[in-house]
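# need a structure here:
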Amino acid sequence: MVSLHMGWRHLLFANWPVAPEVVEPRIPDALAADTYDGQAWLSVVPYVNVDVRPAWVPSGLGVRLPELNLRTYVRPAESSVPVGMPAADPDRAPGVYFFSLDADGLPGVGLASVLGARLLHGLPYYLADIDCAATDGTVRFESRRRHPGARAARFRATYGPTGQQFRAERGSLSEFLTERYRFYAEDQRGAIRYADIRHPQWRLFGASADIAENTLFRANGFDRPDGDPICYYSPGLDVMASPSRRR
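Model (predicted):
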């Protein structure tokens, strides 16, 4: 496996607080819910993935893959960390855990990307029809899952930036929800895999978001969280993902 270059564009981070016991039963035993002020979080993140390619392929030769994910935030469970391991050791690194990732793409390319991510990384990718258009600071995003045998999932939203651009302050909620540099997954054998993500700090805005339809929670076995989400928008950045490793 090789490092992967990606360009993430037009992102909405829509975040709902939930009790830790909502997500704990749905993540592997080797991971624990990461919390902020005692709350775990469920986040819906639509965006467009551009110039997706192995790191050795020249810029501009990658593919475009609109994506939509439902995720939470995790860290290795204390029981899975060797005794005496320093707090800053990579084995303790917090990260993201995905419940689902819906992806679109060119015929053949989208299918290959989804199957490859499922088989090689253990990521729960699903084929979807996704339309995303950004004009005059407004993004219109619509996704309909079409993966054979999977639960139906639909998402429709219009969103965009508000206010002044900012960068998340250390220890803030916005940092907790966006500055994540590792993802974890459970492969078909039950092993935990992870990949590290390298990118600059996010350029963030507040976000206005009109979410007209969202069945991702139901498709993943969750009740819809109460209240409105806390939302951030980013125009995007370029990312380098390491090869997936077994923990």
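# Next secondary structure element downstream of the worst-scoring helix or strand of the chain on mean pLDDT?
When the helices and strands of the chain are compared on mean pLDDT, DSSP states H and E, helix 109-121 comes out lowest with a mean of 45. Toward the C-terminus, helix 109-121 is succeeded by strand 125-135 as the next helix or strand (DSSP states H and E).
# Which strands border that following strand, and is each parallel or antiparallel?
Applying DSSP bridges, strand 125-135 is found paired with strand 95-103 (parallel), strand 138-145 (antiparallel).
# Give me the below-cutoff pLDDT ranges for the protein.
Along the chain, segments meeting pLDDT under 70 span 1, 79-91, 105-122.
# gap between A168 and V23?
22 Å (C-beta to C-beta, to the nearest Å). All C-beta atoms are positioned from the backbone trio N, CA, C, and that covers glycine.
# And these two? Which one has more around it.
Higher neighbour count among A168 and V23: V23, with 23 against 18, using other C-beta atoms under 10 Å.
# Name all residues that make contact with the more buried one.
For V23, the contacting residues are 33, 40, 42, 72, by C-beta atoms under 8 Å, 6 or more residues apart in numbering.
# which residues does the third one bridge with?
The residues paired with L42 through beta bridges, assigned by DSSP bridges, are W16.
# for it, what are its contacts?
Applying C-beta under 8 Å, 6+ apart to L42 gives the contacts 15-16, 18, 22-23, 70-72, 217, 222, 225.
# Kindly recompute the last result at 10 Å.
L42 is in contact with 14-18, 22-23, 70-73, 99, 216-217, 220, 222, 224-225, 229, counting by C-beta atoms under 10 Å, 6 or more residues apart in numbering.
# again, but for the first one
Contact criterion C-beta under 10 Å, 6+ apart gives 18-24, 26-27, 39-41, 72-75, 77, 97 as the residues in contact with A33.
# One more: D131?
D131 makes contact with 66, 104, 140-144, 156, according to C-beta under 10 Å, 6+ apart.
# which residues in this structure form strands?
Under the criterion DSSP state E, strands of the chain are mapped to 4-18, 31-33, 40-54, 63-76, 95-103, 125-135, 138-145, 154-166, 182-186, 192-198, 204-214, 230-241, 245-246.
# for those, which one sits closest to E175?
Of all the strands of the chain, it is strand 204-214 that lies closest to E175, at 9.6 Å by C-beta to C-beta.
# still on that earlier bit, can the strands paired with strand 125-135 go into TSV with extra columns for mean neighbour count?
Conversion of the strands paired with strand 125-135 to TSV gives the following (neighbours: other C-beta atoms under 10 Å):
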stretch	mean neighbour count
strand 95-103	22
strand 138-145	20
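# roughly how far apart are V96 and I27?
11 Å.
# shared neighbours of the two, which are they?
When contacts are counted by C-beta under 10 Å, 6+ apart, V96 and I27 are jointly contacted by 72, 74, 184.
# picking up where we left off before, in PyMOL, how would I select the buried members of the contacts of L42?
Applied in PyMOL, the following selects the buried portion of the contacts of L42 according to 16 or more other C-beta atoms under 10 Å:
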select buried, resi 14+15+16+17+18+22+23+70+71+72+73+99+216+217+220+222+225+229
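# Pretty sure T138 sits against C132.
No - T138 lies out of contact with C132 (C-beta atoms under 10 Å); the separation is 11.5 Å.
# Tell me the residues that contact both of those two, please.
Contacts common to T138 and C132, judged by C-beta under 10 Å, 6+ apart, are H10.
# Tell me, how many residues neighbour the closest residue in space to I211 that isn't next to it in sequence?
Excluding the flanking residues, the one nearest I211 by C-beta to C-beta, 6 or more residues apart in numbering is A157, at 4.5 Å. Using other C-beta under 10 Å, A157 has 21 neighbouring residues.
# List the contacts of T35.
Contacts of T35 (C-beta under 10 Å, 6+ apart): 17, 19-20, 23, 41, 73, 75, 176.
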